[in-house]
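Chemist: here is my input, please return the structure:
(one chain, ligands or ions: 1)
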Amino acid sequence: MIQEVKETCFLNFLLERRMIMDMTIRPRRLRGSEVLRKMVRETRMDKSSLIYPLFVREGENIREEIPSMPGQYRYTLDQLPYCLEELTEAGVGSVLLFGIPDVKDEVGSGAYAQDGIIQKALRLAKKEFPDLYYITDVCMCEYTSHGHCGVLCGHEVENDATLELLAKTALSHAQAGADMVAPSDMMDGHTRAIRSLLDANGYKGTPIMSYAVKYASSFYGPFRDAAGSAPSFGDRKSYQMDFHNKREGVKEALLDVEEGADLLIVKPSLAYQDMITRVAECTNIPVAAYSVSGEYSMVKAAAAKGWIDEEKIMCEMAVGAYRAGAQLYITYFAKELAACMDRGIIG
Ligand code: PBG
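Modeler: Next up is the predicted model:
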């Protein structure tokens with residue numbers, strides 16, 4: 001009774017002051033139906049902007065699930081076609097390849113070997129699925145015995161000596177059929193070094209998607225399990241960025257544009273959406289957001305506990321990256337997102 005009186009009083013109070021009648025702008029009008037909500041969406045995306053990271057390993061007849069990334073696998077070459085088939089069926093048009101070699105050494109020679117795992121995978125995949133688009137991760141950490149992204153001098157990662165090996169790696173990928181190369185090492189000058197070696201060898205048309213704004217992040221944990229690429233000592237803070245920094249990300253992005261990058265990656269995605277916006281605003285080339293392994297695994301783990309709705313969270317994370325300014329989205333959820341786009345849940 002008292003509550004009712006109170007509510008009537010409040011309504012009268014609003015009416016007297018014409019606060020209700022004067023409300024000509026009502027944002028809720030545009031949320032009245034699903035059709036209308038879709039009509040006025042500000043963020044549009046489609047399957048052609050999804051990129052799927054894929055792990056290829058040496059060996060035979062193995063498709064092993066990565067323990068820290070349920071639903072993601074390491075494939076031997078004979079198993080690779082099944083995965084590419086699934087992607088094709090889902091309408092995901094491009095992959096980002098990561099190699100897991102059998103043997104690692106001080107200088108990561110598996111990264112640039114003619115018969116390295118990525119080189120072999122490219123030759124096979126290009127032949128069997130020529131319509132897919134193949135991007136390769138160019139880095140040393142999966143191939144070095146110490147797990148760092150470059151060659152060492154004592155305990156230091158030697159920038160300039162590493163550049164030569166990265167360029168060699170990128171060239172060997174292009175020669176094996178890579179459509180695009182994506183250096184993730186965070187060495188200074190990597191884009192220029194790769195661009196000039198590719199050009200000198202007749203690969204002027206091979207685009208470089210540089211991981212320009214890559215933070216030293218614990219979100220890469222599950223990936224390092226997957227690729228066996230955790231550093232055996234120290235960390236990656238002397239080359240990957242300090243996550244307190246924003247303007248430095250702009251510096252890295254502009255530098256890579258100047259060196260000839262055709263596309264840029266901001267990584268991780270979830271906790272770095274401000275950087276996606278900044279990089280999209282300060283450059284005029286496409287920006288890709290990489291939703292990394294830790295983002296995927298957190299969603300999977302919480303969903304397995306029944307704490308969150310996996311599909312809805314996945315969609316919200318993806319749309320967040322696009323809304324922030326990403327034009328491309330690299331994600332382990334690529335197939336599932338493509339299905340959601342088909343069903344009109346997002347898109
Ligand atoms: C290689 C590389 C890493 C990732 C992509 N390329 C690992 C790292 O920098 O330690 C992480 C991807 C992911 O976590 O999904 N340098």
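
Chemist: okay, CA-based contacts and neighbour counts for the rest of this
Modeler: Will do.

Chemist: can you pull out the helices in the stretch 201-347 of the chain?
Modeler: Counting by DSSP state H, counting those that start in this stretch, the stretch 201-347 of the chain has helices at residues 221-227, 247-258, 273-282, 293-304, 310-324, 334-342.

Chemist: so what's the most centrally placed residue in the chain bridging to?
Modeler: Nearest to the mean C-alpha position of the chain, by C-alpha atoms, centre = their mean, lies residue 290 at 2.1 Å. In this entry, residue 290 is beta-bridged to residue 330, by DSSP bridges.

Chemist: ok, it touching residue 271?
Modeler: No: between residue 290 and residue 271 no contact is recorded; they are 11.1 Å apart, counting by C-alpha atoms under 8 Å.

Chemist: the top helix by length along the chain - what's its average pLDDT?
Modeler: In the chain, taking DSSP state H as the definition, the longest helix is helix 159-176. Per-residue pLDDT values across helix 159-176 average out to 98.

Chemist: and that helix, what's buried?
Modeler: Buried residues in helix 159-176, counting neighbours by 16 or more other C-alpha atoms under 10 Å, are found at 159, 162-163, 165-176.

Chemist: what's the closest of these to the ligand?
Modeler: residue 166 (11.6 Å; C-alpha to the nearest ligand atom).

Chemist: quick one: that closest one and residue 190 touch, right?
Modeler: Yes: counting by C-alpha under 8 Å, residue 166 touches residue 190, with 7.4 Å between them.

Chemist: overlap in contacts of these two?
Modeler: residue 183 (C-alpha atoms under 8 Å, 6 or more residues apart in numbering).

Chemist: dump the residue contacts of the residue nearest to the centre of the chain.
Modeler: With contact set as C-alpha under 8 Å, 6+ apart, residue 290 has these partners: 265, 266, 267, 268, 269, 329, 330, 331.

Chemist: now the phi/psi pair for the fifth one, please.
Modeler: Put plainly, it is residue 269. When read as degrees, to the nearest 10, the backbone of residue 269 gives phi -100, psi -50.

Chemist: list the contacts of residue 192.
Modeler: Residue 192 touches 256, 259, 260, counting by C-alpha under 8 Å, 6+ apart.

Chemist: swap the cut-off to 10 Å and go again
Modeler: Listed by C-alpha atoms under 10 Å, 6 or more residues apart in numbering, the contact set of residue 192 reads 163, 167, 198, 208, 255, 256, 257, 258, 259, 260, 261.

Chemist: now residue 218
Modeler: Contacts of residue 218 by C-alpha under 10 Å, 6+ apart are 268, 293, 294.

Chemist: pick the one among the residues you listed closest to the ligand.
Modeler: residue 293 (3.5 Å).

Chemist: for the closest one, the count of nearby residues, please.
Modeler: Neighbourhood size, residue 293 [other C-alpha atoms under 10 Å]: 24.

Chemist: again, but for the one 3 residues further on
Modeler: The criterion is other C-alpha under 10 Å. On that basis, residue 296 has 21 neighbouring residues.

Chemist: can you give me the buried ones in stretch 316-335?
Modeler: 317-335.

Chemist: residue of the stretch 101-250 of the chain with the smallest distance to the ligand?
Modeler: At 3.4 Å from the ligand, residue 220 is the closest residue in the stretch 101-250 of the chain, using C-alpha to the nearest ligand atom.

Chemist: quick one: contacts for that residue?
Modeler: Residue 220 makes contact with 230, 267, 268, 291, 292, 293, 294, 295, according to C-alpha under 10 Å, 6+ apart.

Chemist: identify, from the contacts of residue 290, the entry nearest to residue 286.
Modeler: If you rank the contacts of residue 290 by distance to residue 286 using C-alpha to C-alpha, residue 265 comes first, at 8.7 Å.

Chemist: export the contacts of residue 218 to JSON lines and tack on pLDDT and distance to the ligand?
Modeler: JSON lines is the format used below for those (pLDDT from 0 to 100; distance: C-alpha to the nearest ligand atom, whole Å):
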{"residue": "268", "pLDDT": "98", "distance to the ligand": "8"}
{"residue": "293", "pLDDT": "98", "distance to the ligand": "4"}
{"residue": "294", "pLDDT": "98", "distance to the ligand": "6"}
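
Chemist: farthest pair in the contacts of residue 192?
Modeler: With C-alpha to C-alpha as the measure, no two of those lie farther apart than 198 and 255, at 18.8 Å.

Chemist: the two: who's more crowded?
Modeler: Ranked by neighbour count (other C-alpha under 10 Å), residue 198 and residue 255 place residue 198 first, with 23 against 17.

Chemist: need the three-state assignment for that one.
Modeler: With DSSP: H, G, I helix; E, B strand; the rest coil as the basis, residue 198 sits in helix.

Chemist: for the residue nearest to it when sequence neighbours are not counted, give me its contacts.
Modeler: Leaving aside its chain neighbours, residue 198 sits nearest to residue 171 (5.8 Å; criterion: C-alpha to C-alpha, 6 or more residues apart in numbering). Residue 171 makes contact with 112, 138, 165, 177-178, 181, 194-195, 197-203, 206 under the criterion C-alpha under 10 Å, 6+ apart.

Chemist: and the ligand, which of these contact it?
Modeler: For the ligand, no contacts are drawn from the contacts of residue 171 by C-alpha under 6 Å from any ligand atom.

Chemist: now the buried members of these.
Modeler: 112, 138, 165, 177, 178, 181, 194, 195, 197, 198, 206.
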